[in-house]
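1. A predicted structure for the sequence below; I have some questions about it.
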Amino acid sequence: MSDTVLDLHNQMILDEYDEKHDFFLKFREVVLRLLQECVEKNGITVITCDGRVKTRDSLIGKLIRKGYKYQSLSDITDILGTRVVTFYTDEIDKISALIEQTFDIDWNESVDKRKAQSFNTFGYMSLHTICRIPASLYQDPEYPEMNEVRFEIQIRTALQHVWATLEHDIGYKAGSVAVPTEYLRGLSRLSGLLELADEQFSQMRINVNNYRRKIQNLVTNGNFSEVPLNRDSYESYLKMDPFEKLIHRIASINQAEIYQDSLQNPFLEIMLEVLGFTTLEDIQLMKENYSNDAYRLALFQLGSTDIDIIASSIALKNLCIAAILNKETRKADLYHFYMCFGGTEESCMARAQRTIEQAKRINIIK
Amino acid sequence: MEVTIISGSKPTKVKVEGRIDTTNAAQFQEKLDPLMKGENPDIEMDCAELEYTSSQGLRTFLMLQKSVMARGGKLVLTNMRPQVREVFDITGFSNIITIR
């Protein structure tokens, strides 16, 4: 391609490209930084945010294809092309809105390829926006043209990106040979399939977020019986500091320092599997019914020592022990409980037996 | 109270013996100091000969656990005697530090 002879007009455009190539490399660096900042500061996670300066060969190809379309290099808006690849379709519009707020948009040249498809066709889907860097956002005295030159931002989902890349690859590999209609139809069908998958992923995210909000509302309003016990609901529940009163009561035994540790695993696993809890109400009932036993157990164990540091999880741990002690299968369940905290089978069995003996001594069980 | 560190092994093997109480807790911490800065954050501590630990000892174990975690490593206490294990259980520390 490098040896291709262009007409004089297009050769001048190519010469201008050669002259400004270093500028475009710098331009790419600045635009990508601004684009990444624009996306990140709004808390959106994207798959990639990348860009390239059009290669010389690619520009020659374009100039040949388009004939006399361009008067000068500045008419070509994708010498610098950037791309943001998102996880979800609904993030495309969100990022587009952020780009509109951040950069100056050339609306005449921007095109929403998603709308270019009619209701019965499937194919390339991407949002192309042509932008300039506003002087209010960034200025470089060494490169005043930074605020004049236009560049392109493409926004698409990961699935749209996969389709576009494969479509480009198939077209590229076919070269001058016409791709048979059945293959093109196959590509079109895949585009429809991926569009459906994109929609499903977005819907799934909406459904999960709605579910989380519903659970948070139920927890906040204290409707614990309606909230199934799982990782999400338990996390929301913990935000209410449900065991705070008990841990302070236990700490007061020795005026102990409280070290805040995790109340997640293995406690959730124990409540689900050993205690058979199904809703948050089960935890509430455990708290109401066994807080006193949990405290008495701690009093018996810590009261005769001078230990003045405890982990905050000891409140929930003793609550679980007290609840297990009231089950008929207490020995086997305590063994299972202690195994969740590590140790040999023999030591866990001995600890289960010792706990039962302690509980009997302080009359928690008969 | 004795602390033996076998450097060069992965994970770093440590053996602790005797009693950690108010009289020697500072010394215990001092002996573990190199482990809180070392390049190898994976530590396996044999507690078979550990007879007792006070609150100060627990605080040093906690400090070591935090430093190990901050470096992406793991602290594992092994062969703990029942009476020492009970201290970790009744304080909730067995939920913080891995005990095997």
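-> Cool, the structure landed.
2. quick one: low-confidence parts of chain A?
-> A:1-4, A:116, A:119-121, A:123, A:172-176 (pLDDT under 70).
3. shouldn't A:Lys327 be in contact with A:Asp333?
-> Yes - counting by Cβ atoms under 8 Å, A:Lys327 does reach A:Asp333; the two are 5.8 Å apart. C-beta here means a position set from N, CA and C on the backbone, and glycine is covered the same way.
4. can you list contacts of stretch A:199-217?
-> The contact list for stretch A:199-217, computed with Cβ atoms under 8 Å, 6 or more residues apart in numbering or on different chains, reads A:Phe87, A:Tyr88, A:Thr89, A:Asp90, A:Val227, A:Asp232, A:Ser233, A:Ser236.
5. so which of those wins on neighbours?
-> Within those, A:Val227 tops the neighbour count with 24 neighbours, counted by other Cβ atoms under 10 Å in any protein chain shown.
6. right, and it touches A:Thr278 too?
-> No - A:Val227 is beyond contact range of A:Thr278, at 9.9 Å (criterion: Cβ under 8 Å).
7. list the buried ones in stretch A:306-323?
-> Residues of stretch A:306-323 classed as buried by neighbour count (16 or more other Cβ atoms under 10 Å in any protein chain shown): A:307-323.
8. over to stretch B:80-87?
-> B:Met80, B:Val84, B:Arg85, B:Glu86, B:Val87.
9. near chain A too, which of those?
-> B:Met80, B:Arg85, B:Glu86, B:Val87 (Cβ under 8 Å from any Cβ of the partner chain).
10. each with direction, which strands does the helix or strand where A:Ile153 lies pair with?
-> In this assignment (DSSP states H and E), A:Ile153 forms part of strand A:151-157. Strands flanking strand A:151-157 in the sheet, each with its direction: strand A:80-86 (parallel), strand A:127-132 (antiparallel) (DSSP bridges).
11. to A:Asn147, which of those strands lies closest?
-> When the strands paired with strand A:151-157 are compared by Cβ to Cβ, strand A:127-132 sits nearest A:Asn147, at 6.4 Å.
12. name the surrounding residues that touch that closest one.
-> Contacts for strand A:127-132 (Cβ under 8 Å, 6+ apart): A:77, A:92, A:96, A:99-100, A:103-106, A:109-114, A:147-156.
13. buried subset of the residues you listed?
-> A:77, A:92, A:96, A:99, A:103, A:105, A:110, A:113-114, A:147, A:149-156.
14. before we move on, back to that, and the contacts of stretch A:199-217, which two are the farthest apart?
-> Within the contacts of stretch A:199-217 (distances taken as Cβ to Cβ), the two that end up farthest apart are A:Thr89 and A:Val227, at 30.7 Å.
15. can you show me the strands along chain A?
-> Counting by DSSP state E, chain A has strands at residues A:48-53, A:80-86, A:104-105, A:111-112, A:127-132, A:151-157, A:257-259, A:309-311.
16. turn the contacts of stretch A:199-217 into CSV, including distance to chain B.
-> Below are the contacts of stretch A:199-217 laid out as CSV (distance: Cβ to the nearest Cβ, whole Å):
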residue, distance to chain B
A:Phe87, 27
A:Tyr88, 31
A:Thr89, 36
A:Asp90, 36
A:Val227, 24
A:Asp232, 22
A:Ser233, 21
A:Ser236, 21
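17. quick check, nearest of those residues to A:Ser191?
-> A:Thr89 (13.5 Å).
18. ok, the closest one touching A:Ala158?
-> No - under the criterion of Cβ under 8 Å, A:Thr89 is not in contact with A:Ala158, lying 10.3 Å apart.
19. by proximity to chain A, which residue of chain B wins?
-> B:Gly92 (3.1 Å; Cβ to the nearest Cβ).
20. and for that residue, the neighbour number?
-> Count around B:Gly92 with other Cβ under 10 Å applied: 25.
21. give me phi/psi at it?
-> Main-chain torsions, B:Gly92, degrees, to the nearest 10: phi 90, psi 0.
22. confidence score at it?
-> If you check B:Gly92, the pLDDT there is 94.
23. give the contact list for it.
-> A:Asp261, A:Ile310, A:Ala311, A:Ser312, A:Ser313, A:Ile314, A:Lys317.
24. repeat the analysis, applying 6 Å as the threshold.
-> Each residue near B:Gly92 by Cβ atoms under 6 Å, 6 or more residues apart in numbering or on different chains is listed here: A:Ile310, A:Ala311, A:Ser313, A:Ile314, A:Lys317.
25. setting aside sequence neighbours, what's the nearest residue to the second one?
-> Just to be clear, that refers to A:Ala311. B:Gly92 (3.1 Å; Cβ to Cβ, 6 or more residues apart in numbering or on different chains).
26. pLDDT (mean, whole number) over the strand or helix carrying B:Phe61?
-> Taking DSSP H and E as the criterion, B:Phe61 maps to helix B:55-70. Helix B:55-70 comes out with an average pLDDT of 94.
27. remind me what the following helix or strand past that helix packs against, helices and strands.
-> Later in the chain than helix B:55-70, the nearest helix or strand by DSSP H and E is strand B:75-78. Using 3 or more Cβ pairs under 6 Å, 6 or more residues apart in numbering or on different chains; DSSP states H and E, the elements in contact with strand B:75-78 are strand B:43-53, helix B:55-70.
28. in TSV, list these along with distance to chain A and mean neighbour count.
-> Shown next, in TSV, are the helices and strands packed on strand B:75-78 (distance: least, Cβ to the nearest Cβ, whole Å; neighbours: other Cβ atoms under 10 Å in any protein chain shown):
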stretch	distance to chain A	mean neighbour count
strand B:43-53	9	19
helix B:55-70	5	19
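29. could I get those as a markdown table with distance to A:Leu73?
-> Below are those laid out as a markdown table (distance: least, Cβ to Cβ, whole Å):
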| stretch | distance to A:Leu73 |
| --- | --- |
| strand B:43-53 | 62 |
| helix B:55-70 | 53 |
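30. quick one: which of these is nearest A:Gln11?
-> Between the helices and strands packed on strand B:75-78, helix B:55-70 lies closest to A:Gln11; by Cβ to Cβ that is 61.0 Å.
31. for that closest one, packing partners?
-> Counting by 3+ Cβ pairs under 6 Å, 6+ apart, helix B:55-70 packs on helix B:25-37, strand B:75-78.
32. list the contacts of stretch B:8-18.
-> Contacts for stretch B:8-18 (Cβ under 6 Å, 6+ apart): B:1-6, B:40, B:42-47, B:49-50.
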